[in-house]
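Visitor: I'll drop the sequence and a predicted model, then ask my questions.
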Amino acid sequence: MKTMQNSDKPDDRLSEQERGQNGEPGPEPRKSDGPQQDNRPQKAVKKPENQRPQPYLTKSGKLDNVCYDIRGENVLLARQMEEDGHRIYQLNTGNTYPFGFNAPEEIIQDVIHNIPKGQGYISSKGLFPARKAIMQESQILGIQDIDIEDIYMGNGASELINMALQALLNNGDEVLIPCPDYPLWTACTSLAGGLAVHYLCDESNGWLPDLDDIRSKISARTKALVVINPNNPTGAVYPKETLLRLLEIAREYKLLVFADEIYQKITFNGIQVPPIASLCEDLFVITFNGLSKAYRLPGFRVGWMILSGHGKRYAADFIEGLDILSSMRLCSNVPGQYAVQTALGGYQSIGDLLLPQNRLNRQREYCYKRILEIPGLSSTEPEGALYFFPKLDKEIYQVEDDAVFARELLREKKIFLVQGTGFNQKDHQHFRITFLPPVFDLEIIFDGIADFLAHYND
Ligand SMILES: Cc1ncc(COP(=O)(O)O)c(C=O)c1O
């Protein structure tokens, strides 16, 4: 963190006018501002009696435990390197567009057509046809007990995750979050004053949640259980049996279930993922989804949450909190919401990309092969989502700080991926890599990683 040096201290002898708005010296007069020399007698500027010294601004203490390394410090280095003319392999986010995954043209055309209608604010929960399409799809998938009022549109699932946690948590309330996690969950829990309690997902068991570990971590303050399926960062897809057992725990301890299912339509080998909300009628489940992944539209910032289950009858006050927070931001991006009906109702082109002979699957298989070829690197094969979360063998690679590991890889090989601790993984032996790049780029990327690791202990 930057600390204030003596030389940083604003000079409180300068007048407001001289300092400019931010306490910095005011701008030099521009040429066009008139004659360079002003020889008129200057009026003395009277200093207010109780003028406060310019405070040094620090970030809010609410952010003390908030960490989001996916866009963390190494981003600045990557940006600097790009400005210096280097090509960086940006593997730090699941951003589909730069890798040539375009959204279906029909969706884009519908949004263009509707842009004139998207100029105004709309209902804070979102556009009716979008919510109706989400409701109908959810009913087809077996999610019970929902109507249109149970669906909230947001600026990506991200905004709604934050909103739901802000609405739910009092200071010190606990949320069970997988470890490793998609770090937004931990960050938003902390920001809302809550405590992220990480439950183990067991690498030796295909990264499935350790149910005993979950039980052992429940306390009187535990309010919710987060389930990310298919999982980011591990690529695990939980079998129905695991989902049912997670629901049993939620039922037993009266927990709200947050189901992050943004990758629900991205699974391989023909595996189908039922929404966890479709496996129970009684429990209050909030399901998060959106257009960012399966429809390749992360830039549109369109996501939604669905409140389902009889349990929501005991949550009217919390739901009022959601309504307050969604009204406070008036509404989410309107033009983007015009994409939803076409996206959900039309041909589901994501299915093609997942076929064994097609791009996403071929890239996934290529990565898997290359990972296994590198000595001391291992991974489970992801069955869903867009990532591998490989493990570095401790006996071979002595990684003390995996953020430094990631930074050195970036500096040396121009490969930008995220270290495991960025996903709240406790050891320093993992990193996440997306398999979005085409195979000809993956070849270069894995040659780079292999070479970097071959010399790692030199
Ligand atoms: C598991 C998970 N949840 C939520 C999000 C956020 O999605 P959105 O783009 O809809 O905000 C992501 C984005 O990568 C994600 O991986």
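Guide: Now that the structure is in, tell me what you want to look at.
Visitor: neighbours of the closest residue to the ligand within the stretch 101-250 of the chain, how many?
Guide: Taking CB to the nearest ligand atom, the ligand has its nearest neighbour within the stretch 101-250 of the chain at residue 156, 2.6 Å off. Every C-beta, even on glycine, is put in place using the N, C-alpha and C of the backbone. A total of 25 residues lie near residue 156 under the criterion other CB atoms under 10 Å.
Visitor: and if you look at residue 249?
Guide: The local packing count at residue 249 equals 18, with neighbours defined by other CB under 10 Å.
Visitor: got a pLDDT number for it?
Guide: What the model reports as pLDDT for residue 249 is 98.
Visitor: same check, this time on the one 5 residues further on
Guide: Per-residue pLDDT puts residue 254 at 97.
Visitor: that older thread, ok, now which ones touch the residue of the stretch 101-250 of the chain closest to the ligand?
Guide: Going by CB atoms under 8 Å, 6 or more residues apart in numbering, residue 156 touches 290, 292, 298, 301-303.
Visitor: okay, those in CSV with pLDDT and neighbour count next?
Guide: Converted to CSV, the contacts of residue 156 look like this (pLDDT from 0 to 100; neighbours: other CB atoms under 10 Å):
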residue, pLDDT, neighbour count
290, 98, 29
292, 97, 22
298, 96, 20
301, 98, 18
302, 98, 30
303, 98, 24
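Visitor: and the ligand, which of those residues contact it?
Guide: Filtering the contacts of residue 156 for proximity to the ligand (criterion: CB under 6 Å from any ligand atom) leaves 290, 292, 298, 303.
Visitor: would whichever strand or helix holds residue 343 count as contacting the ligand?
Guide: Assigned by DSSP states H and E, residue 343 belongs to helix 334-345. No: Helix 334-345 does not reach the ligand (CB under 6 Å from any ligand atom); its nearest approach is 10.7 Å.
Visitor: so what's whatever residue of the stretch 351-458 of the chain ends up closest to the ligand scoring on pLDDT?
Guide: Closest approach between the stretch 351-458 of the chain and the ligand, counting by CB to the nearest ligand atom: residue 385, at 7.2 Å. The model reports residue 385 with a pLDDT of 98.
Visitor: ok, so of the contacts of residue 156, who is nearest residue 404?
Guide: When the contacts of residue 156 are compared for distance to residue 404, the smallest value, 28.7 Å, is given by residue 298; criterion: CB to CB.
Visitor: from residue 400, how far out is the closest one?
Guide: Taking CB to CB, to the nearest Å as the criterion, residue 298 is separated from residue 400 by 34 Å.
Visitor: break the protein down into its structural domains.
Guide: As recorded under automatic domain parsing, the domains making up the chain are 62-99+352-454, 106-345.
Visitor: weakest of those in terms of mean pLDDT?
Guide: Confidence, taken as mean pLDDT, is least for domain 62-99+352-454 of the domains of the chain (a mean of 94).
Visitor: got the end-to-end distance for that domain?
Guide: Criterion CA to CA, to the nearest Å; first-to-last residue distance in domain 62-99+352-454 is 42 Å.
Visitor: again, but for stretch 145-158
Guide: End-to-end span of stretch 145-158 (CA to CA): 24 Å.
Visitor: who's in contact with residue 342?
Guide: Listed by CB under 8 Å, 6+ apart, the contact set of residue 342 reads 106-107, 110.
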